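Visitor: What follows is a predicted protein model with its sequence.
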Amino acid sequence: MVELANNTTFLKVVVLVGFGLGGVIFGLSALGAPAVWNLDKSGSYECGFDPFEDARSRFDVRFYLVALLFIIFDLEVAFLFPTVGGTFPVGGLAVVVLFLVILTAGFVYEWGAGALQWS
């Protein structure tokens, strides 16, 4: 029971030191670099240029399609990493191969349907 009390006390000290150090750092940054309001600072910034149009404009669905394809194939590569070591169980390897076959079939379908044509 004494060990639990010591661990709880240690945890309290660590939390207090963390919050105290955070407060000191925020206080010193507020004193050392006071914020000066400026119209240019509060305006929107887009690659060094003024924004051309409203930020809520509609995007073409192809941008989202490319993002989804990136995420899917990024996950595909992540699933392939455990198979490289050679100590992967046979059942797990079958699941990974089935997953890759399904992803490849979807990619071939999208490609054949013309969803990847940009113009």
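Guide: It's in. Residues are numbered from 1 along each chain as shown.
Visitor: Can you tell me how far Ala30 is from Val24?
Guide: From Ala30 over to Val24 the distance is 11 Å, taken as CB to CB, to the nearest Å. (Glycine included, C-beta is placed from N, CA and C.)
Visitor: My error: substitute Leu65 in the last question.
Guide: 49 Å.
Visitor: Could you list the low-pLDDT ranges of the protein?
Guide: 1-6, 44-55, 82-88, 119 (pLDDT under 70).
Visitor: got the contact list for the spatially most central residue of it?
Guide: When CA atoms, centre = their mean is applied to the chain, the residue found nearest the centroid is Ile71 (10.7 Å). Contact analysis of Ile71 by CB atoms under 8 Å, 6 or more residues apart in numbering lists nothing.
Visitor: Can you tell me the element it falls in?
Guide: helix 61-84 (DSSP states H and E).
Visitor: Give me the next element, helix or strand, following that helix.
Guide: Assigned by DSSP H and E, the successor of helix 61-84 is helix 90-113.
Visitor: In that next one, which residues have enough neighbours to count as buried?
Guide: Residues of helix 90-113 classed as buried by neighbour count (16 or more other CB atoms under 10 Å): Val96, Leu103, Phe107.
Visitor: Thanks again, I'm all set now.
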